[in-house]
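Enquirer: got a structure for you, letters missing:
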């Protein structure tokens, strides 16, 4: 007797093959039959007119904290994600040596990943020390999605070096201590090692995060330790992930993969026809590294993800050249500076410098849309573009932006409209999707909660493939969302609809698939806010044979598994 038969669906198996109408038999959490299934079952699901495909695998999330207060990890569960990877960019909540480590990491996550301090304090138990204990707490709390976590460099460094983790290189003894901690963490189930060297990552005090102070020898020693454990992988983020790789960065990531004997993925490849040299540089860096025996994979998003901006709270605008000199000031002094037209003109000119790099995409002030406003003076402006308002007022757009923000005590929410929504950018993206060194992903789900909403990328891309630009086929898009990431991480028996594989499945209506508009909600611990969207067209999601979503709504089931290296993953060979 089967536990379930999914009857008569259009099966898209994750390999890129064309859909085939058939049945799927499920027993004990696994697929035991595909095709015509006649064995009786406890439950039969009518999938006539629906697509049945593998559950989606999100390779880059930051649900490390949210999973405690929200074990369904909304909204990714609603978008068909059945497996995901956390602990990216060198940032994890374990291991901890003492309470001071937890305090440091908590505040660091506020700055680097945009998490709400109130949510981290009220929603996370912090009742672990070792990485294994952290994984055990996640498992005990339950999860609706299969989730694996990399071991973050910053936590290792902080535990070993305490305050000296910032501003100092490690001694040989300290590197050896970190190596032992990483060994223990991976043996307890960590999926590998992640580190970060990006200039955008600073801690609560504004200093570079601990991993940015590590010498190459330290990084490579931790990569070599990773290679000693089956089913592990590597991940990093560096300056070159935003602005194009320098030669020394290419050399380091090549060594990390070769000496670590593991694939290394990085986040995120941004493709813009206005900056083709950056895209070509980043692809060439991967190709060069791979020609020397590495396996480097760039993550890229297949849809445009809006990110809001603010002149009041930390956001990407603060990365523009020298803007920190103004935006690091406290509110009264900052507002006083911004009332000076010469300061505003100086900021505008700084933003136009070549040093802005990838952040120059944020300087099309005319194409900023006004979001939420908070003063009587700004009533009626929401939804309008700065360009239109500036023309009415006879002022430049950026000066108008500052003027509006000052009326709201800088709390105005701004939405930059995309500057890279042109046909050539999309042609380059479609070309990149099929490159052997590129993989779909980079949602950052669980991070930057009030700034962006990356989780909808799965269904939004399928909708675009079916009813929008149609730059690739729906079966190929499913392959990119399922089998490709499952194979990169060596996820055992996941990512395909095939006999013997786990029954991680999504059933969706191809005519209705998509995502709702993003809205701001206040549903985090401490009534903290986040941007939120839900899927459309998702009829059912199953994890390990158990239904977790029905008609777009979550069930109470928490059948997900904490994926542990070696037990749930296979080693992916590096050439």
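Expert: Looks like it came in fine. Note that this is a predicted model, so its numbers are computed, not measured.

Enquirer: for residue 60, what are its contacts?
Expert: 85, 88, 235, 265, 267, 268, 299, 441, 442, 443, 444 (CB atoms under 8 Å, 6 or more residues apart in numbering). Glycine gets a C-beta too; all of them are placed from N, C-alpha and C.

Enquirer: quick one: which of those residues has the most company?
Expert: Neighbour tally across those (other CB atoms under 10 Å): the maximum, 31 neighbours, falls on residue 441.

Enquirer: which residues of the stretch 51-200 of the chain fall in strands?
Expert: Assigned by DSSP state E, counting those that start in this stretch, the stretch 51-200 of the chain shows strands spanning 51-54, 56-58, 81-86, 146-149, 151-152, 192-197.

Enquirer: Same list (these) but as a markdown table, adding mean pLDDT and distance to residue 471.
Expert: Formatted as a markdown table, the strands of the stretch 51-200 of the chain follow (pLDDT from 0 to 100; distance: least, CB to CB, whole Å):
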| stretch | mean pLDDT | distance to residue 471 |
| --- | --- | --- |
| strand 51-54 | 99 | 19 |
| strand 56-58 | 99 | 18 |
| strand 81-86 | 98 | 22 |
| strand 146-149 | 98 | 29 |
| strand 151-152 | 98 | 35 |
| strand 192-197 | 98 | 31 |
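
Enquirer: ok, back up a step: so which of the contacts of residue 60 belong to strands?
Expert: The members of the contacts of residue 60 that map onto strands under DSSP state E are 85, 235, 265, 267, 299.

Enquirer: can you pull up the bridge partners for the third one?
Expert: Beta-bridge pairing for residue 265 (DSSP bridges): residue 235, residue 297.

Enquirer: Would you check that it makes contact with residue 484?
Expert: No - here residue 265 does not reach residue 484: they are 11.4 Å apart, not a contact under CB atoms under 8 Å.

Enquirer: tell me, what's touching those two both at once?
Expert: residue 439.

Enquirer: excluding its backbone neighbours, what's nearest the spatially most central residue of the chain?
Expert: What sits nearest the mean C-alpha location of the chain, by CA atoms, centre = their mean, is residue 444, with 2.0 Å. Nearest non-adjacent residue to residue 444, counting by CB to CB, 6 or more residues apart in numbering: residue 454, 5.0 Å away.

Enquirer: List the contacts of the one you found.
Expert: So residue 454 contacts 301, 305, 442, 443, 444, 445 (CB under 8 Å, 6+ apart).

Enquirer: what's the closest of the ones in strands among the contacts of residue 60 to residue 310?
Expert: Relative to residue 310, the closest of those is residue 267; by CB to CB it sits at 23.1 Å.

Enquirer: measure that closest one to residue 241 for me?
Expert: When distance is defined by CB to CB, to the nearest Å, residue 267 is 6 Å away from residue 241.

Enquirer: Same question for residue 467.
Expert: Distance of residue 467 to residue 241, given as CB to CB: 32 Å.

Enquirer: same question, residue 352
Expert: 23 Å.

Enquirer: cool, and residue 14?
Expert: 28 Å.

Enquirer: And for residue 194?
Expert: Taken as CB to CB, the span from residue 194 to residue 241 is 13 Å.

Enquirer: Likewise for residue 37?
Expert: 46 Å.

Enquirer: Same question for residue 397.
Expert: Taking CB to CB, one finds residue 397 at 29 Å from residue 241.

Enquirer: So which of these two has more stuff around it?
Expert: residue 241 (27 against 21).

Enquirer: Tell me the backbone dihedrals of the more buried one, please.
Expert: With angles defined as degrees, to the nearest 10, residue 241 sits at phi -70, psi -20.

Enquirer: Give the burial count for the residue nearest to it when sequence neighbours are not counted, as a bare number.
Expert: Using CB to CB, 6+ apart and skipping residues adjacent in sequence, the residue nearest residue 241 is residue 266, 5.2 Å away. Using other CB under 10 Å, residue 266 has 28 other residues around it.

Enquirer: Return the residues in contact with residue 266.
Expert: Residue 266 touches 235, 236, 237, 238, 241, 253, 296, 297, 298, 299, counting by CB under 8 Å, 6+ apart.

Enquirer: hmm, who's touching the longest strand along the chain?
Expert: If you go by DSSP E, the chain has its longest strand at strand 2-11. Residues outside strand 2-11 that contact it (CB under 8 Å, 6+ apart): 19-28, 32-34, 37, 39-53, 497, 503, 505, 507, 510, 545.

Enquirer: Please consider this matter closed, and thank you.
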